[in-house]
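Engineer: Prediction below, plus the sequence it came from.
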Amino acid sequence: MSQRGFKRLFEPVALRGKTLRNRIVFGAHTANMAVEGVPTERHVGYYAERAIGGAAMVVVEPMPVHAAAVLTRGNFRPGDDSVIPHFRKVTEAIRGNGAVAIQQLYHVGQHADADNSFHAGWSPSGLPSYHDSDGSHRMTETEIEDTIDGFVQAARRCRAAGFDGVEVWAAYHSMLDQFWTPWSNRRADRWGGSLENRTRMSREVMSRIRRECGEDFIVGLAVNDEPDVEVALKREALSEIVERHDRDHLMDYVTCGSGSYFDFYKIMPTFVYPEKLGTELAAVLKSTVRHALVTAESHIRTPENAEGVLSEGRADLVSIVRGQIADPHLANKAATGRADDIRGCLSCNQMCWGRRSRDYWISCVINPSAGREFEWGGDRFTPAERPKRVFVVGGGPAGLEAARVAAERGHHVVLAEASDRLGGQFRLAGLQPRRAQILDLIDWYQRQLGQLQVEVRYGHYVEADDVERENAEHVIIATGSQPPDGAFQRALPQFDGIPGGGPALSAEAVMAREARPGKRVIVLDDGGNWKGCGTAWKLAEDGHEVTIVTPDALVGKELQRMAVDLPLRRALARLGVRFLTESAVINWNGELATIASLLDGREQQCEADALVYAATNVADDALARGLEERGVSFAAIGDCTAARQAAFAIHDGRKIALAL
């Protein structure tokens, strides 16, 4: 689809004296990259890359406006002018590449995190945090005034650092939303009760920012849609609040996200949710406001999604965050008729929210340069000084990325794949329910390799003699991994497999349809990730009676960090899947499994027609060992060095190709 096909998406739009070159926003999200509370070269490279890639407006990750608002190790230093020169480097990088630079200002209120702030959470009425089991402090009027001033002083610093404006965060039941919401605002003074009182704090924040920073300074407002939680503001109530701010010209735009601290899973919705979640509220507000632009945010992954939202009149702008983490040049590719070249986000949250939730700086499964732009040059590749002959063995994620990037840099690349298709075992993950975006990514690789004239040899099983005959200057081994011969359980390390002698099927064999289990299936999930959980989901969808056995305290333990475990368990429960947690299979004879509790040792019997296991794979390193014995130079990447997740395989492929 050419730019002509994205008619609305690439229309410029005016915003408080600035002209946005298109309607694409790279919205606020906590990248968690600060060191000692200040932005670094990691920030500069990260945001510059999205501006270079064509985003019209970049909203830099939130600045906590008070010590009580600090939430992560990588938060910026609040209340300190020393951050200004560091932020000036960020704004120069964004504005110097044609984008408008905004910074979000936030306060989490009762949902604070004392682990990082060592400060009590402040809130309207002293209600408990939804981050942990802590309570919060009911604010005095003096503390409310201090917090308002915190927002204003943060905005002043933004102006001094070169930002074009700020986005005041009132989304997800944050501090300002807590004042708006009757459930969390139980005050009887001038800050509670009536709508006028409940909106007093946000109106004071925004009007004072305008006075402090001037008429040419952009002021935005971030809100959220939470229709599934009884105590959250409904769309009609939120519309009335936003209209109250719009009537007084307090904001230039309003951004509509989804989810909240009440239901964290919808804030960064994964592939288990429908796309374009933020558009319903955006449409309501679009019909409400008279002055502000409306930005739709949340699971708008693609330019096609964005064009649909805009052409239907649901919003004026669209925020594509994870889509531009995955491909920072999404906007430019769409604008120049290269939408098929966009590397589509998987909506997996594995390395963006998944790393942030563990207090690391964020990255991306399919774009390992995310967060490393200052080291790796972003998603733009420096041509090699001299093209070389590169032979890549294995067409899984590691081999695909190595071949692609090597070819992007001008090398002559041959990729040998033993099967008749690309993707390796990553393709099997794409066959699980709602994970077809993985198959789209593999198709993307196939198109890219074709455009780059990579010679792909299918059905080409490579041995050491074959490698030597290639006479390549660089040999890259990416032969992946294989499931173990037996169902090893970490809880029973004394056994390589399950006692009893019954046959066990790997999750890979089931997903590849190499094995057809009977009606009743036990899925022994030793990893707590998508391999076991997604296979159980697929089996249940296909009509099997499924029991999941896991040593973990909950099904999908590893998926907690991606904010997808609860939606997964709900899907499994709807399909009638039975959960046996904190358990191990101590005997399996092919018809009957004995399952023991890891808490008290109690045993129970479970009749089944098949047992499917999901365990850590074993590196397929036979070719690498053979070459090493012969003294042939090569580089091994991905799972053939150690079985890991796809993110690390793709990282290895990018890293080795950049070094050629």
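Structural biologist: That came in fine, so what should we check first? Just so it is clear, the structure is predicted and the values come from calculations on it, not from any experiment.

Engineer: CA only for contacts and neighbour counts going forward, please
Structural biologist: Noted.

Engineer: okay, and the helix or strand of this protein with the least pLDDT?
Structural biologist: helix 114-117 (a mean of 87; mean pLDDT, DSSP states H and E).

Engineer: what residues does it touch?
Structural biologist: Under the contact criterion C-alpha atoms under 8 Å, 6 or more residues apart in numbering, helix 114-117 has outside partners 67-73, 120-121.

Engineer: could you redo these as CSV and give each row secondary structure and pLDDT?
Structural biologist: Shown next, in CSV, are the contacts of helix 114-117 (DSSP: H, G, I helix; E, B strand; the rest coil; pLDDT from 0 to 100):
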residue, secondary structure, pLDDT
Ala67, helix, 94
Ala68, helix, 94
Ala69, helix, 94
Val70, coil, 92
Leu71, coil, 88
Thr72, coil, 89
Arg73, coil, 89
Ala120, coil, 94
Gly121, strand, 95
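
Engineer: Looking at those, which one is closest to Arg247?
Structural biologist: Distances from Arg247 to the contacts of helix 114-117, taken as C-alpha to C-alpha, are shortest for Ala69 (28.9 Å).

Engineer: That closest one contacts Tyr106, correct?
Structural biologist: Yes: counting by C-alpha atoms under 8 Å, Tyr106 is a contact partner of Ala69 at 7.2 Å.

Engineer: can you tell me which residues contact His411?
Structural biologist: Residues in contact with His411, defined by C-alpha under 8 Å, 6+ apart, are 384, 386-390.

Engineer: try it again with 6 Å
Structural biologist: 387-388 (C-alpha atoms under 6 Å, 6 or more residues apart in numbering).

Engineer: following the helix ranked longest in the chain, which helix or strand comes up?
Structural biologist: Secondary structure of the chain per DSSP state H: the longest helix is helix 141-161. Helices and strands here follow DSSP states H and E; after helix 141-161, the next one along the chain is strand 165-169.

Engineer: counting contacts, what elements does that next one pack onto?
Structural biologist: With contacts defined as 3 or more C-alpha pairs under 6 Å, 6 or more residues apart in numbering; DSSP states H and E, the packing partners of strand 165-169 are strand 100-106, strand 218-225.

Engineer: related to what we said a few turns ago, which one's more surrounded, Ala69 and Tyr106?
Structural biologist: Ala69 (29 against 26; other C-alpha atoms under 10 Å).

Engineer: from memory the more buried one sits against His107, does it?
Structural biologist: Yes: under the criterion of C-alpha atoms under 6 Å, Ala69 makes contact with His107 at 4.7 Å.

Engineer: Check the secondary structure at Ser595 for me.
Structural biologist: For the record, residue 595 is Ile, not Ser. Three-state assignment for Ile595 (DSSP: H, G, I helix; E, B strand; the rest coil): strand.

Engineer: Begin at 31, not 1, for the rest of this chat.
Structural biologist: Understood, numbering begins at 31; the last thing we discussed is Ile625.

Engineer: hey, what's it bridged with?
Structural biologist: Val615, Gln634 (DSSP bridges).

Engineer: so who does it touch?
Structural biologist: Contacts of Ile625 by C-alpha under 6 Å, 6+ apart are 614-616, 633-634.

Engineer: For the stretch 581-690 of the chain, which segments count as helices?
Structural biologist: Ranges of helices in the stretch 581-690 of the chain, per DSSP state H, counting those that start in this stretch, are 595-604, 652-660, 676-689.

Engineer: Of these, which is nearest Arg499?
Structural biologist: Among the helices of the stretch 581-690 of the chain, the nearest to Arg499 by C-alpha to C-alpha is helix 652-660 (12.4 Å).

Engineer: May I have the closest one exported as CSV, CA atoms only?
Structural biologist: Extracted in CSV, the C-alpha atoms of helix 652-660 (Å, rounded to 0.1, in the frame of the first residue of the first chain):
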residue,chain,number,x,y,z
ALA,A,652,26.7,-31.8,16.3
LEU,A,653,27.8,-29.8,13.3
ALA,A,654,29.6,-27.3,15.4
ARG,A,655,31.5,-30.0,17.3
GLY,A,656,32.4,-31.6,14.0
LEU,A,657,33.8,-28.4,12.6
GLU,A,658,35.7,-27.7,15.8
GLU,A,659,37.4,-31.1,15.6
ARG,A,660,38.5,-30.4,12.0
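
Engineer: I'd like the average pLDDT over that helix.
Structural biologist: Here helix 652-660 scores 96 as its mean pLDDT.

Engineer: Now do that helix: everything it contacts.
Structural biologist: Contacts for helix 652-660 (C-alpha under 6 Å, 6+ apart): Ala494.

Engineer: Go again with 8 Å.
Structural biologist: For helix 652-660, the surrounding residues in contact (C-alpha under 8 Å, 6+ apart) are 492-494, 507, 509, 663-664, 666.

Engineer: Over to stretch 99-106?
Structural biologist: Contact with stretch 99-106 is made by 60-69, 92-94, 108, 136-139, 142-144, 146-147, 151, 389-391, as judged by C-alpha under 8 Å, 6+ apart.

Engineer: Restricted to buried residues, select the residues you listed in ChimeraX.
Structural biologist: Remark: buried members of those, expressed as a ChimeraX selection using 16 or more other C-alpha atoms under 10 Å:
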select :60,61,62,63,64,67,68,69,92,93,94,108,136,137,138,139,142,143,144,147,151,389,390,391
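
Engineer: which ones among the contacts of stretch 99-106 are found in strands?
Structural biologist: Counting by DSSP state E, the part of these found in strands is 92-94, 136, 151.

Engineer: Most widely separated two among the residues you listed?
Structural biologist: Pro92 and Gly151 (17.3 Å).

Engineer: Show me how the protein divides into domains.
Structural biologist: Per the record, the chain has its domains at 33-406, 419-512+650-689, 535-646, by automatic domain parsing.

Engineer: Pro523 is nearest to which of these?
Structural biologist: Using C-alpha to C-alpha as the measure, domain 535-646 is the one of those that comes nearest Pro523, at 11.2 Å.

Engineer: How far does the closest one sit from its chain's centre?
Structural biologist: 26 Å (C-alpha atoms, centre = their mean, to the nearest Å).

Engineer: just stretch 677-690 next, same as before
Structural biologist: The answer for stretch 677-690 is 20 Å, by C-alpha atoms, centre = their mean.

Engineer: Show me the shaky parts of the chain.
Structural biologist: For the chain, the stretches with pLDDT under 70 are 31-34.

Engineer: Contacts only, for Glu637.
Structural biologist: Glu637 neighbours (C-alpha under 8 Å, 6+ apart): 550, 621-623.

Engineer: quick one: contacts for Asp651?
Structural biologist: 509-511, 670-671.

Engineer: Give me the buried subset of the contacts of Ile625.
Structural biologist: 614-616.

Engineer: Let me know the closest of these to Ser224.
Structural biologist: Ala614 (56.3 Å).

Engineer: so that closest one touches Ser627, yeah?
Structural biologist: Yes: the criterion here is C-alpha under 8 Å, and Ala614 meets it with Ser627 at 6.7 Å.
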